[in-house]
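Enquirer: sequence plus the predicted model coming up.
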Amino acid sequence: MALTLVQYWQQQRTIYQAERTQAQSDLAAAQARFAAAGKKLDGDPGAAPGPLRDGDQKTLANTGAAIAAKRAALAIAASPADAAQLVADLIALIITQRSQQGTVLDDLEETAAAQADADAAAAAGARAAARLAGIEAAIDEATADDDRRTKLKDAIAAPPLSTLKGDAATFKASATVTNATTRIGKNFPNELLAIADKRVDTRVNRLASLQGSINNAQDALGNEYAADAGLAGRAEQKRIAFERAQAALADYVATAASRYAQAGVVMRTLDAIETAPPGQAADILTDPEKHDVRTSLAPAGAGAEPTAENLDSDINAVFGAESALDAQILTAISADPDTAAIPVVILTADATMGLKERLLTAGASAFLTKPFDLDQFFEVLTDILGPMEV
């Protein structure tokens with residue numbers, strides 16, 4: 001079953017919460033073992049007088065003192081019988097001492113093991129807590145993203161966006177737009193309008209070309225991730241495509257209705273001028289301006305229209321050739337064994353994201369924009385060549 005990002009991170013939170021709880025339990029158990037081993041080794045002040053209160057180390061020390069006393073007595077024994085008894089007592093005490101030494105070593109090993117387990121549990125708990133902090137932040141981010149996507153889907157499913165395409169088609173066919181178009185034609189000659197249309201087409205096509213370059217660069221980056229980074233790379237490829245689609249939808253939701261409304265205001269204003277009785281509404285141009293446009297600019301516009309059309313075609317061709325040449329140069333540098341190791345730093349006044357992504361994808365090492373920043377330039381050189389070379 002497919003999960004949303006929120007659900008995925010919620011599952012991760014449950015996993016690491018359980019891990020943290022287990023680590024806390026393990027830590028408490030290890031600390032209890034450490035305390036018990038310490039009491040056994042050093043004694044329990046709360047116990048009744050005796051071995052438990054003294055602890056294994058003190059008991060061992062007492063046995064050592066008893067052995068020393070027996071040896072001192074043996075040194076001054078007056079009779080063989082007394083000496084024999086002292087030797088027997090010494091043998092028994094030494095056997096007891098060896099056993100007590102083993103017990104103390106066991107206590108020390110248990111203390112060290114308990115401390116190691118406590119350290120491991122504390123580290124596991126710290127890792128789980130740190131991971132949970134990151135997961136909580138991811139949940140907050142995913143929840144906010146989910147809310148944004150929900151709002152986008154709600155907006156696109158409700159008026160005015162849900163009916164915008166039909167409304168625009170109806171409005172375009174209405175008398176309002178017909179009258180507005182007529183009014184524009186009464187103010188500006190067809191030759192100038194034709195040139196204006198060509199200019200708009202050129203710029204619209206240029207924007208579409210730049211957006212296409214951005215999309216191509218993002219696709220290339222996603223394909224590289226998918227080819228080189230396994231499952232994580234394929235996930236990153238999907239993320240890039242998803243975020244691009246979401247950005248396009250967000251832009252549409254944010255601007256489509258307002259752009260339609262603005263167009264409507266302009267069209268209705270022109271319609272009101274066209275349908276008003278003569279002299280009742282100010283026109284786009286004054287009468288002297290209309291005379292100048294038709295007597296001076298119209299002939300020039302008629303002569304310039306073919307040139308404008310050719311110029312627009314040439315500009316589009318230059319844009320396309322320029323984009324292709326940038327990538328071809330970088331590709332050629334990367335493919336030539338004599339130049340493949342040479343870093344290429346782009347310095348340009350064109351700060352468009354499409355150009356940057358296209359050239360970095362084609363092999364550029366860095367991308368800098370004018371005005372020239374010397375400190376930034378040296379930082380780039382240091383990153384590429386290392387501080388010693390710079």
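Expert: The structure has been received and is ready for your questions.

Enquirer: burial measure for Val367, as a count.
Expert: No Val there; residue 367 is Phe. 19 (other C-beta atoms under 10 Å). (C-beta placed from N, C-alpha, C; glycine too.)

Enquirer: so what's the backbone phi/psi at Thr286?
Expert: phi -80, psi 170 (degrees, to the nearest 10).

Enquirer: list of residues touching stretch 28-35?
Expert: With C-beta atoms under 8 Å, 6 or more residues apart in numbering as the test, stretch 28-35 has contacts from Glu110, Thr111, Ala113, Ala114, Gln115, Asp117, Ala118, Ala120, Ala121.

Enquirer: tell me the buried residues in stretch 193-205?
Expert: Using 16 or more other C-beta atoms under 10 Å as the test for burial, stretch 193-205 gives Ala194, Ile195, Lys198, Thr202.

Enquirer: elements contacting the helix or strand hosting the first one?
Expert: By that I understand Ala194. In the assignment (DSSP states H and E), Ala194 maps to helix 190-228. Helix 190-228 sits against helix 230-275, helix 298-335, helix 353-362, with contacts defined as 3 or more C-beta pairs under 8 Å, 6 or more residues apart in numbering; DSSP states H and E.

Enquirer: least confident of those helices, on average?
Expert: Note on the helices and strands packed on helix 190-228: lowest mean pLDDT is at helix 298-335, with a mean of 60.

Enquirer: so where's the stretch 1-150 of the chain uncertain?
Expert: Within the stretch 1-150 of the chain, the stretches with pLDDT under 70 are 1-2.

Enquirer: hmm, try it at 90
Expert: 1-5, 43-55, 77-78 (pLDDT under 90).

Enquirer: can you list contacts of stretch 67-77?
Expert: Contacts for stretch 67-77 (C-beta under 8 Å, 6+ apart): Ala83, Leu86, Val87, Asp89, Leu90, Leu93, Ile94, Gln97.

Enquirer: select only the buried ones of those in PyMOL?
Expert: The PyMOL selection below is limited to those of the contacts of stretch 67-77 classed as buried (16+ other C-beta under 10 Å):
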select buried, resi 86+89+90+93+97
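
Enquirer: next, format the contacts of stretch 67-77 as a markdown table and append distance to Ala158 and secondary structure.
Expert: Shown next, in a markdown table, are those (distance: C-beta to C-beta, whole Å; DSSP: H, G, I helix; E, B strand; the rest coil):
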| residue | distance to Ala158 | secondary structure |
| --- | --- | --- |
| Ala83 | 110 | helix |
| Leu86 | 105 | helix |
| Val87 | 104 | helix |
| Asp89 | 100 | helix |
| Leu90 | 99 | helix |
| Leu93 | 95 | helix |
| Ile94 | 94 | helix |
| Gln97 | 89 | helix |
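
Enquirer: and which of the contacts of stretch 67-77 is nearest to Ala144?
Expert: Closest to Ala144 out of the contacts of stretch 67-77 is Gln97 (70.3 Å), distances taken as C-beta to C-beta.

Enquirer: got the contact list for the closest one?
Expert: Leu60, Thr63, Gly64, Ile67.

Enquirer: switch the cut-off to 10 Å
Expert: By C-beta atoms under 10 Å, 6 or more residues apart in numbering, the contact set of Gln97 is Thr59, Leu60, Asn62, Thr63, Gly64, Ala66, Ile67.

Enquirer: so which helix or strand takes in the third one?
Expert: So the one you mean is Asn62. helix 56-75.

Enquirer: the residue most distant from the middle of the chain, which is it?
Expert: Distance from the C-alpha centroid of the chain peaks at Ser79, with 91.2 Å (C-alpha atoms, centre = their mean).

Enquirer: for Asn187, report the pLDDT, please.
Expert: pLDDT, Asn187: 90.

Enquirer: buried ones in stretch 28-46?
Expert: Taking 16+ other C-beta under 10 Å as the criterion, stretch 28-46 shows Ala30, Gln31, Arg33, Phe34, Ala37, Gly38, Lys39, Lys40, Leu41, Gly43 as buried.

Enquirer: what does stretch 208-216 give?
Expert: Leu210, Ser213, Ile214, Asn216.

Enquirer: before we move on, the earlier item: state the pair within the contacts of stretch 67-77 that is farthest apart.
Expert: Between all members of the contacts of stretch 67-77, the farthest pair (by C-beta to C-beta) comes out as Ala83 and Gln97, at 20.3 Å.

Enquirer: just the contacts of stretch 28-35: which are in strands?
Expert: With strands taken from DSSP state E, there is no overlap with the contacts of stretch 28-35.

Enquirer: now render the residues you listed as a markdown table, adding distance to Ala250 and neighbour count.
Expert: A markdown table is the format used below for the contacts of stretch 28-35 (distance: C-beta to C-beta, whole Å; neighbours: other C-beta atoms under 10 Å):
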| residue | distance to Ala250 | neighbour count |
| --- | --- | --- |
| Glu110 | 62 | 17 |
| Thr111 | 61 | 19 |
| Ala113 | 58 | 14 |
| Ala114 | 57 | 20 |
| Gln115 | 55 | 16 |
| Asp117 | 52 | 17 |
| Ala118 | 51 | 19 |
| Ala120 | 47 | 14 |
| Ala121 | 46 | 20 |
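
Enquirer: from those residues, which land in helices?
Expert: Glu110, Thr111, Ala113, Ala114, Gln115, Asp117, Ala118, Ala120, Ala121 (DSSP state H).

Enquirer: now the second one: how far from Ala35?
Expert: From Thr111 across to Ala35, the span is 10 Å (C-beta to C-beta, to the nearest Å).

Enquirer: please apply the same query to the fourth one.
Expert: Here the criterion is C-beta to C-beta. By it, Ala114 lies 8 Å from Ala35.

Enquirer: what's the answer for the fifth one, then?
Expert: In this structure, Gln115 and Ala35 are 11 Å apart, going by C-beta to C-beta.

Enquirer: can you pull the residues that touch both of Thr111 and Ala35?
Expert: With C-beta under 10 Å, 6+ apart as the test, Thr111 and Ala35 reach no residue in common.

Enquirer: for Leu368, give me phi and psi.
Expert: According to degrees, to the nearest 10, Leu368 has phi -120, psi 140.

Enquirer: so how many other residues sit close to it?
Expert: Using other C-beta under 10 Å: Leu368 sits among 15 other residues.
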